[in-house]
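*Asks:* sequence and predicted structure are below.
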Amino acid sequence: MRELDEPLGFGDLIAQHLADSRRGKNTQLPMGDLLRQSVYSRIAGYEDGNDAERLSQDPTFRLIGSEKIWERGAALTSRLQSFETEVLGQEENFVGLAAINRELIARAESLGSHQRVVLDMDSTEIPVSEHQENSAYKGHFESICSHPLLLFNREGDCLTAKLRAGNVHSADGWEQMLLPEIERQQKAGKEVVFRADAAFAKPAIYEALEERGVKYAIRIPANDSLERDIAELLTRPVGRPSHKPVVQYKSFLYRAASWKTARRMVAKIEFHCGELFPRVGFIVTNLETDSRGLVRFYNKRGTAEQWIKEGKQAAKMTRLSCHRFHATEVRLWLRFIAYNLGNLWRRLVLPKRLDKWSLTSLQHRLVKTAARLVKHARYYWLMLAESHLTRRLFGSMVRRIDALALASG
């Protein structure tokens, strides 16, 4: 991971976007080393700053930061917590974290050739204490929580995120996140397609996307008017029920009372054995794909929920215990940067047979590997146990990272 961040320019981004306001002895550890320690400890599965006490004596984490300060060790808990909540909490550095995250992904995007970008927006629940700022009870989740909004691409990278109070609507703040990303992608000459669930079925979203020439597929809640348009398909087929689901599709134009124009609707009707009533779903879209293909394309939106689950399990997104809302948001951004670096490692470096592994599996099988580090005057020997991380796999990852370095110039 430390080798990977160099061709991606992680160190340059840190120097460019983070300002160091510390003075005196507090500057013994550079900003880049502290940020790497914060991010890489989370990639390795350590939940919060309390683990820094032990990690400061870990030889691997010493080398992750900088060989120049290897003898001093990494930052202790108190210094790392002050760095995360005070230094990174300053407004310019908070904005800088978001910029580092997005430009890191942009550098990875420059290595690919996709001309079509698929954006998935979703929200999730992060349980918090009732004493934390902006915590609130959310009836949908039946818990006291924060309610972040997330935007992913189809490769699983989290492009941007926003931490919100627990009781806001799922789509609240969508325009501040979605519209700048659409503008960025279109300036790069790419076609943009947007997917979202029924929480984002809003006329304002349809109109904003249509004005910018963006294609979309958004699930819409069923209502009596929509069901009347497919009434002929809601009757169970005559004959013995099939053990396999009987699936039918219908495409039609529909205009709700609050809409300025009619839009294409695609309905999917499924009859399952042993169920009296059919399962019905509606999607509003401006794509010209056939109905079956459109439903298949929309269903891939479910991978965004899997990426959120990976962020919670591998990067420990749910471990947000700061009392102040702003400090909580800073630590959430650190976890997103950790998640994205892990995802970039998975899709850019790992062999094809392993790129479907979850980040949790990668942590347990490749990161937390027994090793012995022997220091000499001019070099180090890192002797790894060959279990899942074999010599062949390690060598293939290093070669792929070298190829990335050449591709990035």
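*Replies:* Ah, there it is.
*Asks:* CA atoms for contacts and neighbours, from now on please.
*Replies:* Will do.
*Asks:* low pLDDT regions in the stretch 301-409 of the chain?
*Replies:* Residues of the stretch 301-409 of the chain meeting the criterion pLDDT under 70: 408-409.
*Asks:* that should have said the stretch 1-150 of the chain, apologies.
*Replies:* 25-26, 65-73, 113.
*Asks:* kindly export the longest helix belonging to the chain (C-alpha atoms) in PDB.
*Replies:* When the chain is parsed with DSSP state H, its longest helix is helix 325-348. Extracted in PDB, the C-alpha atoms of helix 325-348 (Å, rounded to 0.1, in the frame of the first residue of the first chain):
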ATOM      1  CA  PHE A 325     -19.800  17.000  14.800                       C
ATOM      2  CA  HIS A 326     -17.000  18.600  12.800                       C
ATOM      3  CA  ALA A 327     -14.400  16.300  14.400                       C
ATOM      4  CA  THR A 328     -16.600  13.300  13.600                       C
ATOM      5  CA  GLU A 329     -16.800  14.400  10.000                       C
ATOM      6  CA  VAL A 330     -13.000  14.700   9.800                       C
ATOM      7  CA  ARG A 331     -12.500  11.100  11.000                       C
ATOM      8  CA  LEU A 332     -15.200   9.900   8.600                       C
ATOM      9  CA  TRP A 333     -13.100  11.500   5.800                       C
ATOM     10  CA  LEU A 334     -10.000   9.700   7.000                       C
ATOM     11  CA  ARG A 335     -11.900   6.400   6.800                       C
ATOM     12  CA  PHE A 336     -13.100   7.200   3.300                       C
ATOM     13  CA  ILE A 337      -9.600   7.900   2.100                       C
ATOM     14  CA  ALA A 338      -8.500   4.600   3.700                       C
ATOM     15  CA  TYR A 339     -11.400   2.800   2.000                       C
ATOM     16  CA  ASN A 340     -10.500   4.300  -1.400                       C
ATOM     17  CA  LEU A 341      -6.800   3.400  -1.100                       C
ATOM     18  CA  GLY A 342      -7.800  -0.100  -0.300                       C
ATOM     19  CA  ASN A 343     -10.200  -0.200  -3.200                       C
ATOM     20  CA  LEU A 344      -7.600   1.200  -5.600                       C
ATOM     21  CA  TRP A 345      -5.200  -1.500  -4.300                       C
ATOM     22  CA  ARG A 346      -7.800  -4.100  -5.100                       C
ATOM     23  CA  ARG A 347      -8.600  -3.100  -8.600                       C
ATOM     24  CA  LEU A 348      -5.300  -1.700  -9.800                       C
END
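*Asks:* now do that helix: distance to the chain's middle.
*Replies:* What separates the centre of helix 325-348 from the centre of its chain is 8 Å, taken as C-alpha atoms, centre = their mean, to the nearest Å.
*Asks:* I'd like the next helix or strand past that helix.
*Replies:* helix 359-362 (DSSP states H and E).
*Asks:* the helix or strand just after that next one pairs with which strands, parallel or anti?
*Replies:* Once helix 359-362 ends, the next helix or strand along the chain (criterion: DSSP H and E) is strand 371-375. The strands beside strand 371-375 in its sheet (DSSP bridges) come out as strand 380-384 (antiparallel).
*Asks:* need the residues that contact the partner strand.
*Replies:* 369-375 (C-alpha atoms under 8 Å, 6 or more residues apart in numbering).
*Asks:* most neighbours, which of those residues?
*Replies:* Within the contacts of strand 380-384, neighbour counts (other C-alpha atoms under 10 Å) peak at residue 369, which reaches 15 neighbours.
*Asks:* now do the contacts for that one.
*Replies:* Going by C-alpha under 8 Å, 6+ apart, residue 369 touches 384-385, 389.
*Asks:* do that again at 7 Å, thanks
*Replies:* Taking C-alpha atoms under 7 Å, 6 or more residues apart in numbering as the contact definition, residue 369 lies against residue 385.
*Asks:* residues near the closest residue in space to residue 115 that isn't next to it in sequence, how many?
*Replies:* Distances taken as C-alpha to C-alpha, 6 or more residues apart in numbering put residue 190 closest to residue 115, at 4.9 Å, once the chain neighbours are dropped. Residue 190: 15 surrounding residues under other C-alpha under 10 Å.
*Asks:* any idea how far residue 205 is from the spatially most central residue of the chain?
*Replies:* Taking C-alpha atoms, centre = their mean, the centroid of the chain lies closest to residue 158, which sits 3.1 Å from it. To residue 205, residue 158 is 20 Å away according to C-alpha to C-alpha, to the nearest Å.
*Asks:* what does residue 199 give?
*Replies:* In terms of C-alpha to C-alpha, residue 199 sits 11 Å off from residue 205.
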